[in-house]
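K.L.:
Quick one, fold the following:
(chains A, B, C, D, E and F)
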Number of protein chains: 6
Amino acid sequence: MFMHNKRLQYTVRVAEPNPVLASLMLEQFGGADGELAAAMRYFTQGLGETDAGRKDLLIDIATEELSHLEVIGSIVAMLNKGAKAQLAESAMEEAELYLSMTAGGNSHTQSLLYGGGPSLTNSSGVPWTAAYIDSRGDPTCDLRSNIAAESRAKIVYERLINVTDDPGIKDALGFLMTREIAHQKSFEKALYAIENNFPSGKLPGIAKYANVYVNTSQGDGDVEGPWNSGEQWDRIDDLTLTMPIDDGDGTASVGLDATDAEVAEALAARTASATSENPTTGVDLGAGPGAGRVTAQDMGAADDIQDAMKLADAM
Amino acid sequence: MFMHNKRLQYTVRVAEPNPVLASLMLEQFGGADGELAAAMRYFTQGLGETDAGRKDLLIDIATEELSHLEVIGSIVAMLNKGAKAQLAESAMEEAELYLSMTAGGNSHTQSLLYGGGPSLTNSSGVPWTAAYIDSRGDPTCDLRSNIAAESRAKIVYERLINVTDDPGIKDALGFLMTREIAHQKSFEKALYAIENNFPSGKLPGIAKYANVYVNTSQGDGDVEGPWNSGEQWDRIDDLTLTMPIDDGDGTASVGLDATDAEVAEALAARTASATSENPTTGVDLGAGPGAGRVTAQDMGAADDIQDAMKLADAM
Amino acid sequence: MFMHNKRLQYTVRVAEPNPVLASLMLEQFGGADGELAAAMRYFTQGLGETDAGRKDLLIDIATEELSHLEVIGSIVAMLNKGAKAQLAESAMEEAELYLSMTAGGNSHTQSLLYGGGPSLTNSSGVPWTAAYIDSRGDPTCDLRSNIAAESRAKIVYERLINVTDDPGIKDALGFLMTREIAHQKSFEKALYAIENNFPSGKLPGIAKYANVYVNTSQGDGDVEGPWNSGEQWDRIDDLTLTMPIDDGDGTASVGLDATDAEVAEALAARTASATSENPTTGVDLGAGPGAGRVTAQDMGAADDIQDAMKLADAM
Amino acid sequence: MFMHNKRLQYTVRVAEPNPVLASLMLEQFGGADGELAAAMRYFTQGLGETDAGRKDLLIDIATEELSHLEVIGSIVAMLNKGAKAQLAESAMEEAELYLSMTAGGNSHTQSLLYGGGPSLTNSSGVPWTAAYIDSRGDPTCDLRSNIAAESRAKIVYERLINVTDDPGIKDALGFLMTREIAHQKSFEKALYAIENNFPSGKLPGIAKYANVYVNTSQGDGDVEGPWNSGEQWDRIDDLTLTMPIDDGDGTASVGLDATDAEVAEALAARTASATSENPTTGVDLGAGPGAGRVTAQDMGAADDIQDAMKLADAM
Amino acid sequence: MFMHNKRLQYTVRVAEPNPVLASLMLEQFGGADGELAAAMRYFTQGLGETDAGRKDLLIDIATEELSHLEVIGSIVAMLNKGAKAQLAESAMEEAELYLSMTAGGNSHTQSLLYGGGPSLTNSSGVPWTAAYIDSRGDPTCDLRSNIAAESRAKIVYERLINVTDDPGIKDALGFLMTREIAHQKSFEKALYAIENNFPSGKLPGIAKYANVYVNTSQGDGDVEGPWNSGEQWDRIDDLTLTMPIDDGDGTASVGLDATDAEVAEALAARTASATSENPTTGVDLGAGPGAGRVTAQDMGAADDIQDAMKLADAM
Amino acid sequence: MFMHNKRLQYTVRVAEPNPVLASLMLEQFGGADGELAAAMRYFTQGLGETDAGRKDLLIDIATEELSHLEVIGSIVAMLNKGAKAQLAESAMEEAELYLSMTAGGNSHTQSLLYGGGPSLTNSSGVPWTAAYIDSRGDPTCDLRSNIAAESRAKIVYERLINVTDDPGIKDALGFLMTREIAHQKSFEKALYAIENNFPSGKLPGIAKYANVYVNTSQGDGDVEGPWNSGEQWDRIDDLTLTMPIDDGDGTASVGLDATDAEVAEALAARTASATSENPTTGVDLGAGPGAGRVTAQDMGAADDIQDAMKLADAM
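P.N.:
Now for the predicted structure:
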């Protein structure tokens, strides 16, 4: 069960309102790597977890992320406090309000739709979606996802710190950023506390494909590194060896019973392509005689994009 | 630049059509951890990458994932081949078609809307969204995200292998699953080929918060482990110490100029809550005298859920 | 700041696993009227609220809804416990697993993608979206939205209670349903504690349009009621009076400067429609001579849908 | 059946084009509280309604909202008329077009993608989604949702009125805003014309939980009001009384048969956490010896965020 | 199987970085008519296609579109190269970074969230969704959809060409735009190579409704053209003839068995509307006595929107 | 302005309730090619259109599609009428309700969440999104999109007709299907009434790329047809000629000023990959000594997927 205390986990001191900056901060409130995503990622994992240690860890951090959601949301609320009141009370001239609302970021929608309250959107106004959450119910996957998520949240905080010079906001963001570092460390410990955590799941891989590196992108720029070369890798540079990599013929087929086969054939016959003739098409109908306009026929007249623009201008 | 050869990377042999199984397989075609997500994750990272080695690696694997998208999509196409023809040619009775289409999974939408072709949806019919992709333009974040994504893709393939006994499908899925293992290994090598890859970004954390573990979830079930205990952690069990964790008072405030402050006050006054009186509300209007129906006033009559259901039945 | 205790707000006793029922329960976990939606609705309002009483109320209930999210999520986890283990350990035959996974609801995706953990989706597998949340930063709007949301959550719980006979689940759902009733009562009190809460905002309406009822849907079935008739309404049955309702001509226009006007004219001329001739079109090209197939020309041959189906069968 | 007359319900006179203002107006065209949302909310309810009076009311207002969609869409079309022609005819220099298109709001996407036509997006360019619609098929819920929706639409119109000084637009918006007030009044009458409209549905609540107020958020700022205090409330301040609120032990459990129990145990054993040892992790591998860079080991060197930024600069 | 060569299909020369322009270019990277949409549209069709000619065509063009995705993505990466480095290395002052990031378009989210890498979003930051793809598994539908999609992609490229004066970008966009023209031509040929391609599918239409044009929108502005007039059309101007157009009574009904009918009647009775009385509502409770504020009662005081604003100001 | 008459455009006679069939019908109510998509596609185009003929046509058909939305929605409402009442009145036993609700399609969510009313979702329960609408503000694009959309709507109706044997539903669907045919004909006429409708927009293509066909997919299965061969095409089979197709070197570059170049170099140095050594990674830490489990080292032990499953079973 959750409880709440009205004091924040970290004190928020904002120097002055700034709705544009507020809209940037939303990235960590309702964005893909924001605090709601973090809290819900760990909370859903925790509910499904049966290992007592991991369950405890997941709910601990989920709960702390909710407190962080409160901190970053409070920063947004403070940055919007002036704009919210000005719009609600219509205390500025219309033209001033219009200017203040179109100064950048996503501040216009934040004011018009959300009335200056913190919204669960990212910095573009895209509503938060659970598609951001990648809990899969397997601890070695989920812990790796958590490690990655913490490292991403850290970098987004670092970027936000770099774009504001308000010392109070910088302080609070510095705290939030550091906590992501600490959480990543915890999740790393939990991952490696599972013996044999690689590969995920229970099923081993197939030996003949597990150490193969397929050099599918070739040409100038091919680089060797420990990820594709060395004794642990069987590297394939001749791609014809992988078409297919098994002993088959590289086609797809399915066994159809007689009825299905007959119907499939009927469908094929009905929609067959006549490849031998050159039919008149809508394009032929549509590319007119070109009086005053460049047609498909004489498109050859445009030698390059500058020429094309001149032709268009002349229309 | 991309090129294509008509042979698949792995031969697909499907024993017989099965549209319900096809709809399950979509999880790896158009689902969150499916092959499009994988290909696009690495491709977008590769385009923005400047390190030659990582760029090569990312485009190599992105390209291979496109070939996997083709393999899994071909399995779906084969599993749907009969249903597609039957529906297009209307070769079954209506009642039969209805039954075949409502046999489970998401096969009904796959037939009705997508006509039996592979659709970029997950196994519930949810359209693929780029919200699944977490590329952040920082290599240490992105490689961690890739490692996690490969481990997730591996487990979903394992689950699919476990629900079909078609040997040709099992073979192809086994190949695809194993390649995710190999890719995870490559991304791990690439991550640790970056010296000082932790924490992500450039900004160090704040010392006093970096080793703190906050035990926010308490009660029976608290467990100690290397993720929250031991010499590397400063563990906080007394939560009052973190309200707030800084030296402030745990409130949020913003400096408003005189105009803003005045307008904010006007807004507060206009929308103030009268806490001292007990107003009549819509609920009071709506909970009628209860003739023939249980009202809010006598809700006390329902002692528990069985009782409540009896009361409702009696209405 | 949030804290957590490992005991649930309500004890969960599930008689036996049932993944299909689990997928129905998700409606209140990650669905539109589910507990995450409730918690986030009130939490975002609370962060932006400055009235001390309402802020307290909103955070109180937001916090309780998080505890409800934990209760309903725990029900889902219990209902999936067997399926999760069977799939992870591959302890059933493939055919059995396939059958158990395609038994209905959204259980197939819950197992394949989420591994049996509670997912933030609705009962169809649609990921939760912040588009469900309608906080607008005006207390009289937001409280009305909360009242409506609580009444919706109540009815969805009632429906879930009606589809299960597991007494432990019924008990827990009965508790959760009742809390929505209590919360609605609180929000009603808070709304009417604001003097002059109608209409929302500050701007009054325009007198001549405020009491008009436009009877736009006419014909058999027109009904009079207090919502459209009586002394408080000016009812318009003659719709020509509202085309337009103002003194203008019912058109839309904009003042364009000379340059814009000229360019707009050029665009109109370039894309003008020739209404006088009857052009040959793609349809004319595409509806062939009909050997073996019903063409557009002789579509007249299909008198009704039965006839159409016979003609199609004959193709 | 629907019919249309080419005259608008309200005459639209726009003083001059302004694509940025157009993009703000989209909030009421394709936004969450816009006219499409309103029309579809009432239309879907009306189709499912069997009470003749409510059905008539719902379709009446749905139809009027479609006319409002036409009015607000015509405002958008007029505001974009110049930009649309300039871009289509390429009648400005590239640099001018670039400037005009990046002047604020969402006007860049409106021009590039939608060509200046009104798009069913909100003011951030987020496509309209039926997730905005909360029809639940129960009249007391749906009418409450409609009341709330009208109050929200009213406030968004008020905000739009406050940001433009174009008198023709102000007039039309004033009309549209006033109609939301009138509609709210109609829906209120319809709600209270249902006897016993609270609580929604048929099932009464459980007596012992119906009047409880749980004070989950505590500390400075606790306020008493009619929503949580007074004779109608049983207020719980001691939260231990609600862990759990029933007579159980606050845990979640499920009855597993012997097979399931065994498999669940196997899963637990396979993925158990070793809590006693302190494993080496990826973080330990990744936080290098710190030549030229601040490592995890010496993160203690950053005393606060200013110090951290200095250290980063020195790298 | 896919292969890749590190050389682009078209050389990319960008004169100088410009993150705002980069965000506009995203429309063709991750937007509705962008290259990913094109590639996936044809690829999914190709996988499900059985006609050898069309399958070859679809995979040919899908593969080329992936190469175009690489070209446009490389343009985005080049335009963002400076901003990416400046933010990552924090090499500008905070205030400068803030300004550079809020200069327009969607550049703020591109930097904060995606770190300057090309993101699969449109120019508003909306994540790509497979809802953009309209493959239906019928070749005459799908080819028409492809023709339309190519014509749309062409116009968006034309608009992008018109907003930049960077000659290298213009060149590359000119190439990409021209390829859409070529692709449209191919798809037109493929459509008309199917004999009897209209109407789509197999079922003919019903004769009596196939040539009817219903003039549902009437009044000033009715225009005759080949689309609604002439000998091939039966035009209905008297709309009463279409209410309904069949021989029925224009109502909807269903056959209910006795049990269902009885329950439906019970539901109707329980939720019936009392149309004869005028109930007190929440609005009546909420529109207070108006001290200092315009109430519903005296809303008549606002004669027009100017008057309304004056009244609001006086509050 | 819109008006409504209570009679449907086509009489709806449903033989008996069937919630599963209802959920299939939703594809044309709230699905991608459903009637709301059609109505909104034409309505948004009509609002932005200035050509009087096309504007009239677009609004005519948009209005008719709204009437079709009403017809298909009424079918859904009738099919759900029994289920709606049974659930609302709880008139069946719980077990019966559970069975009736999990019988297939998306009927479970339709009952639980939408209460049996028609919902704006597709047949999988995915909410309608304006991402389905591809209006671009250019008439030659938009008319092509409309032609394609009508052909798609036609085929989905054909599929629905094929899966029901209810004669009243078949009749109504046959009417709706035929109207799509008629609408396609109208849009074709309108497209070809624009002289020079190809290519879309104003800018001609570049001559040297306009007639090139790039044979990017090679190998067995290459087919020649009028879409890639013949005198109008310059066909490229040797793909090296297109890497790049221009005179450049196929790379991407941008002009950076000195400051940007320096910072970009610093970023590259800081995150450079060490390609020469083989680092220890998380995988090496995680693939344990394999007591009782198959590790990465000995993955070679799994020769194929059958072998892998045996090894997993033995764990």
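K.L.:
For A:D303, grab the count of nearby residues.
P.N.:
Neighbours of A:D303 under the rule other Cβ atoms under 10 Å in any protein chain shown: 12. The way it works is simple: take the backbone N, C-alpha and C, and place the C-beta from them, glycine included.
K.L.:
Establish whether stretch A:115-127 and chain F are in contact.
P.N.:
No. Against chain F, stretch A:115-127 shows no contacts by Cβ under 8 Å from any Cβ of the partner chain, the least distance being 11.8 Å.
K.L.:
so how far is the first residue of that stretch from its last?
P.N.:
Using Cα to Cα, to the nearest Å, the gap from the first to the last residue of stretch A:115-127 comes to 16 Å.
K.L.:
If you count neighbours, what's buried in that stretch?
P.N.:
For stretch A:115-127, the neighbour count (16 or more other Cβ atoms under 10 Å in any protein chain shown) marks A:115-127 as buried.
K.L.:
So A:N80 is in contact with A:P17, correct?
P.N.:
Yes. With contact defined as Cβ atoms under 8 Å, A:N80 counts as touching A:P17 (6.8 Å).
K.L.:
so who does A:G219 touch?
P.N.:
A:G219 sits next to E:N5, E:K6, E:R7, F:M243 when contact means Cβ atoms under 8 Å, 6 or more residues apart in numbering or on different chains.
K.L.:
now it: how far from F:K185?
P.N.:
50 Å (Cβ to Cβ, to the nearest Å).
K.L.:
quick one: low-confidence parts of the stretch 151-300 of chain A?
P.N.:
Scanning the stretch 151-300 of chain A for pLDDT under 70 picks out the ranges A:288-300.
K.L.:
Spell out which parts of it neighbour chain E.
P.N.:
Counting by Cβ under 8 Å from any Cβ, the stretch 151-300 of chain A sits next to chain E at A:155-156, A:159-160, A:162-165, A:216-222, A:239, A:242-244, A:250, A:264, A:267-268, A:270-275, A:277-284, A:296, A:299.
K.L.:
who has more neighbours, A:N80 and A:P17?
P.N.:
Taking neighbours as other Cβ under 10 Å, A:N80 and A:P17 compare with A:N80 leading, 29 against 23.
K.L.:
can you confirm that one is in a helix?
P.N.:
Yes. A:N80 forms part of a helix when assessed by DSSP: H, G, I helix; E, B strand; the rest coil.
K.L.:
hey, where'd the helices end up in chain A?
P.N.:
A:19-25, A:27-30, A:35-48, A:52-89, A:94-101, A:107-112, A:139-162, A:167-192, A:207-210, A:258-270, A:282-286, A:305-313 (DSSP state H).
K.L.:
wait, what's in contact with the nearest residue to A:A268 once chain neighbours are set aside?
P.N.:
The shortest distance from A:A268 to any non-neighbouring residue, by Cβ to Cβ, 6 or more residues apart in numbering or on different chains, is to E:T50 (5.5 Å). Applying Cβ under 8 Å, 6+ apart, one finds that E:T50 lies in contact with A:A264, A:L267, A:A268.
K.L.:
try A:L87
P.N.:
Applying Cβ under 8 Å, 6+ apart to A:L87 gives the contacts A:L97, A:M101, A:S111, A:G115, A:G116, D:R159, D:N162, D:V163.
K.L.:
so the last one makes contact with A:E93?
P.N.:
No. Taking contacts as Cβ under 8 Å, D:V163 lies outside contact range of A:E93: 10.1 Å.
K.L.:
In terms of neighbours, single out the busier of those two.
P.N.:
Neighbours per residue, other Cβ under 10 Å: of D:V163 and A:E93, the larger number sits with D:V163, 24 against 11.
K.L.:
how much space between that one and E:M309?
P.N.:
For D:V163 relative to E:M309 (Cβ to Cβ), the value is 12 Å.
K.L.:
still on that earlier bit, just put the contacts of A:L87 in a markdown table and tack on distance to chain C.
P.N.:
A markdown table is the format used below for the contacts of A:L87 (distance: Cβ to the nearest Cβ, whole Å):
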| residue | distance to chain C |
| --- | --- |
| A:L97 | 13 |
| A:M101 | 14 |
| A:S111 | 9 |
| A:G115 | 2 |
| A:G116 | 5 |
| D:R159 | 8 |
| D:N162 | 8 |
| D:V163 | 13 |
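K.L.:
what's the spacing between the nearest residue to A:N18 once chain neighbours are set aside and A:I169?
P.N.:
Closest residue to A:N18 apart from its sequence neighbours, by Cβ to Cβ, 6+ apart: A:L79 at 5.2 Å. To A:I169, A:L79 is 8 Å away according to Cβ to Cβ.
K.L.:
Report the set of residues contacting both of these two.
P.N.:
Joint contacts of A:L79 and A:I169 (Cβ under 8 Å, 6+ apart) are A:V14, A:L21, A:M25.
K.L.:
Ranking by neighbours, what's the top pick from the residues you listed?
P.N.:
Most surrounded of those: other Cβ under 10 Å gives A:M25, at 27 neighbours.
K.L.:
Please look at that one and A:N80 and confirm they touch.
P.N.:
No. Contact criterion Cβ under 8 Å: A:M25 and A:N80 do not qualify, at 9.7 Å.
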